[in-house]
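Asker: what follows is a protein structure lacking sequence information:
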């Protein structure tokens, strides 16, 4: 028994060491801290830099049009409705595709333009992140994974789009949508109640 | 970093069982005892959609209403999910992505199904994401409360009513799940358990009953032989386990892992650091950055992982269900 325990201990110290290395290696955007800056091309080739949009609220939406959780929000028109509603209120909305070439959801610029048109989507731009470096900087794990950045460039919301982690289209109606809830409060100059919520969706196909 | 398999022994036992079913079927076809096996084969073939990655079969543990244990008035149903190679379905807490399987039962005159009892899940690590679920094959268990009075009344009513003589008291449900490989697909099927006028269930066979029994042994039990409590400080949840009886045994494993029942409690991808001393075991787990406040209690499954080592002396219990109170510790920051 003693021997067993000491071997466990040795292994566990090993794990502890590995764990620390891994933990330090991980990017962790935090609420209230500066959101990682980035520059990415959109589907027309134009480059967008996050810090150019300081003075505005920015929404980042991780996107994969073939993911059933994303389909739920596009087929019902929910995502387009949010994009349009808050564009009219001066919010900058970026849809970011971090799928690697050959993986589900990856789109070449012309394909991205086409599908955006077909879905009648209205983000400021669809940003292409095929090497996934921006997705990893934000630790974006699923589609749709949502982030809101305030005019000071700080992250004020990260997580799920709403409180119904399903692929069922009927669940859009009646869901508590954290993006519209947060944006309404923020645009009204008020604090937000829910600034993080366990995100749901398909894994980002890095 | 972490290996992924579900306990080898369980996998082997399940596949052996399946082979046995097939063997038995061949034998009975030859010997003429065709009907029970035909039913089983038909059930497997019919259920689910042809294009699904998962085929689903529903079966009861006993043959009919009269066989139900009168002490518990509970009928156990098995819902077998046969999953296409390379794909997986999810546990009650799917982890970083995915979706738990759900069964929505239609209202029934005298049967009231309860929540799913989930066999011990396994961990899938891919691309900086950790999810919890099952590959290959899993049998979910559903206890169904049987109301004796109502069942008698309803069975008699239809017996006395010639028009309803052949009426079936079918219990039905809609089942949804997400199945993932490199991509994810939502799938669904209709489940039904027919009950004939004599109270016999559809889908019953001895092998099916055996599958339920095997699956029950894989569902982590709440044992009083281990006592647990936890402290949360600086983003780390430290669970302390102490033996609650003589039977408690430290599993000799370097792969101890805690699966919380609820999503968004812990950082699923983070390594969990177990430290054993003479009479206690501590497990340090990074908490989720999506956890907004300290929960009063956390429930989950504590597994000895790949080692399959038991948490109790003289018994094979590789996973236990634990619930522990959580206190907020001093934060040095």
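Answerer: Noted; the coordinates are in hand. In this text, all values refer to a predicted model and were calculated from it rather than measured experimentally.
Asker: pLDDT weak spots in the chain?
Answerer: No chain was given, so I picked chain A. By pLDDT under 70, the weakly predicted segments of chain A are A:1-27.
Asker: nope, chain B
Answerer: Low-confidence segments of chain B, defined by pLDDT under 70: B:1-50, B:158-167, B:330-333.
Asker: domain parsing for it?
Answerer: For chain B, whose domains are defined here by automatic domain parsing, the residue ranges read B:8-218, B:221-328.
Asker: out of those, nearest to residue A:122?
Answerer: Each of the domains of chain B was scored for nearness to residue A:122 using Cβ to Cβ, and the closest is domain B:8-218 (26.0 Å). Any C-beta I mention is one placed from the backbone N, CA and C, and that applies to glycine too.
Asker: now the helices for chain A?
Answerer: Chain-ordered helices for chain A, with DSSP state H as the definition, fall at A:2-25, A:68-75, A:78-87, A:109-118, A:133-137, A:178-187.
Asker: angle of the second one against helix A:109-118?
Answerer: Pointing back at helix A:68-75 there. Compare the direction of helix A:68-75 with that of helix A:109-118 by axes from the mean of the first three to the mean of the last three Cα atoms, to 10 degrees and you get 50 degrees.
Asker: for residue A:83, give its distance to residue A:119.
Answerer: 10 Å (Cβ to Cβ, to the nearest Å).
Asker: how about residue A:106?
Answerer: Applying Cβ to Cβ, one obtains 16 Å for the distance of residue A:106 from residue A:119.
Asker: equivalent analysis for residue A:143, please.
Answerer: Using Cβ to Cβ, which is the criterion applied here, residue A:143 is 14 Å from residue A:119.
Asker: cool, and residue B:178?
Answerer: From residue B:178 over to residue A:119 the distance is 22 Å, taken as Cβ to Cβ.
Asker: tell me the contacts of the residue lying closest to residue A:134 once chain neighbours are set aside?
Answerer: In space, residue A:134 comes closest to residue A:38 once its chain neighbours are excluded; the distance is 4.6 Å by Cβ to Cβ, 6 or more residues apart in numbering or on different chains. Taking Cβ atoms under 8 Å, 6 or more residues apart in numbering or on different chains as the criterion, residue A:38 is in contact with A:49-50, A:133-134, A:137.
Asker: residue A:106 and residue A:119 - which one has more neighbours?
Answerer: Regarding residue A:106 and residue A:119, a neighbour count based on other Cβ atoms under 10 Å in any protein chain shown identifies residue A:106 as having more, with 18 against 15.
Asker: what's the residue nearest to residue A:134 sitting at in phi/psi?
Answerer: When quoted as degrees, to the nearest 10, the phi and psi of residue A:38 stand at phi -160, psi 160.
Asker: gap between it and chain B?
Answerer: Residue A:38 is 18 Å from chain B, where distance means Cβ to the nearest Cβ, to the nearest Å.
Asker: one more: residue A:113?
Answerer: As defined by Cβ to the nearest Cβ, residue A:113 lies at a distance of 23 Å from chain B.
Asker: next one: residue A:46
Answerer: Relative to chain B, and taking Cβ to the nearest Cβ, residue A:46 is found at 29 Å.
Asker: so residue A:104 sits against residue A:63, correct?
Answerer: No. Judged on Cβ atoms under 8 Å, residue A:104 makes no contact with residue A:63 at a distance of 11.7 Å.
Asker: of the two, who's got more company?
Answerer: Between residue A:104 and residue A:63, counting by other Cβ under 10 Å, residue A:63 is the more crowded of the two (30 against 17).
Asker: OK, contacts around that one?
Answerer: With contacts defined as Cβ under 8 Å, 6+ apart, residue A:63 is in contact with A:70, A:95-97, A:105, A:126, A:143-144.
Asker: how about residue B:318?
Answerer: Here residue B:318 is in contact with B:7, B:120, B:251, B:303-304, B:307-311 (Cβ under 8 Å, 6+ apart).
Asker: need these in CSV (columns: neighbour count, distance to residue B:297 and secondary structure).
Answerer: Formatted as CSV, the entries for the contacts of residue B:318 read as follows, by neighbours: other Cβ atoms under 10 Å in any protein chain shown; distance: Cβ to Cβ, whole Å; DSSP: H, G, I helix; E, B strand; the rest coil:
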residue, neighbour count, distance to residue B:297, secondary structure
B:7, 20, 27, coil
B:120, 22, 21, coil
B:251, 25, 23, coil
B:303, 27, 19, strand
B:304, 24, 23, coil
B:307, 15, 28, helix
B:308, 18, 28, coil
B:309, 19, 26, coil
B:310, 19, 25, coil
B:311, 29, 20, coil
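Asker: gap between the residue in chain A positioned nearest to chain B and residue B:133?
Answerer: Chain B sits closest to residue A:198 of chain A, with a gap of 3.2 Å, by Cβ to the nearest Cβ. From residue A:198 over to residue B:133 the distance is 17 Å, taken as Cβ to Cβ.
Asker: around chain A, which positions in the stretch 151-300 of chain B sit nearby?
Answerer: With Cβ under 8 Å from any Cβ of the partner chain as the criterion, the stretch 151-300 of chain B comes near chain A at residues B:176, B:178, B:180, B:182-186, B:250, B:252-254, B:263-264, B:270-271, B:273-278, B:286, B:288-290, B:292.
Asker: quick check on residue 64: phi, psi?
Answerer: All of this refers to chain A. Geometry field for residue A:64 lists phi and psi as phi -150, psi 100, criterion degrees, to the nearest 10.
Asker: wait, chain B was what I had in mind.
Answerer: Residue B:64 has phi and psi values of phi -160, psi 180 when expressed as degrees, to the nearest 10.
Asker: ok, it touching residue B:199?
Answerer: Yes. The pair formed by residue B:64 and residue B:199 meets the contact definition of Cβ under 8 Å, at 4.5 Å.
Asker: could you give the bridge partners of residue A:39?
Answerer: Using DSSP bridges, the beta-bridge partners of residue A:39 come out as residue A:49.
Asker: ok, now which ones touch it?
Answerer: Taking Cβ under 8 Å, 6+ apart as the contact definition, residue A:39 lies against A:47-50.
Asker: list the contacts of residue 186.
Answerer: In the absence of a named chain, this looks at chain A. Contact criterion Cβ under 8 Å, 6+ apart gives A:57, A:148, A:150, A:156, A:192 as the residues in contact with residue A:186.
Asker: correction: the question concerned chain B.
Answerer: Under the criterion of Cβ under 8 Å, 6+ apart, the contact partners of residue B:186 comprise A:68, A:167, B:99, B:176-178.
Asker: just send the residues you listed back as CSV, with distance to residue A:179 and neighbour count too.
Answerer: Below are these laid out as CSV (distance: Cβ to Cβ, whole Å; neighbours: other Cβ atoms under 10 Å in any protein chain shown):
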residue, distance to residue A:179, neighbour count
A:68, 19, 21
A:167, 18, 21
B:99, 20, 25
B:176, 25, 17
B:177, 27, 25
B:178, 23, 25
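Asker: inside strands: which ones of those residues?
Answerer: Judged by DSSP state E, the contacts of residue B:186 include B:176-178 as members of strands.
Asker: just give me the closest of the residues you listed to residue A:187.
Answerer: Ranked by distance to residue A:187 (Cβ to Cβ), these are led by residue B:178 at 34.5 Å.
Asker: which residues does that closest one contact?
Answerer: Residues in contact with residue B:178 (Cβ under 8 Å, 6+ apart) are A:68, A:167, B:89-90, B:94, B:98-99, B:101, B:184-187.
Asker: hmm, 7 Å instead?
Answerer: If you count contacts by Cβ atoms under 7 Å, 6 or more residues apart in numbering or on different chains, residue B:178 has them with A:167, B:90, B:98-99, B:184, B:186.
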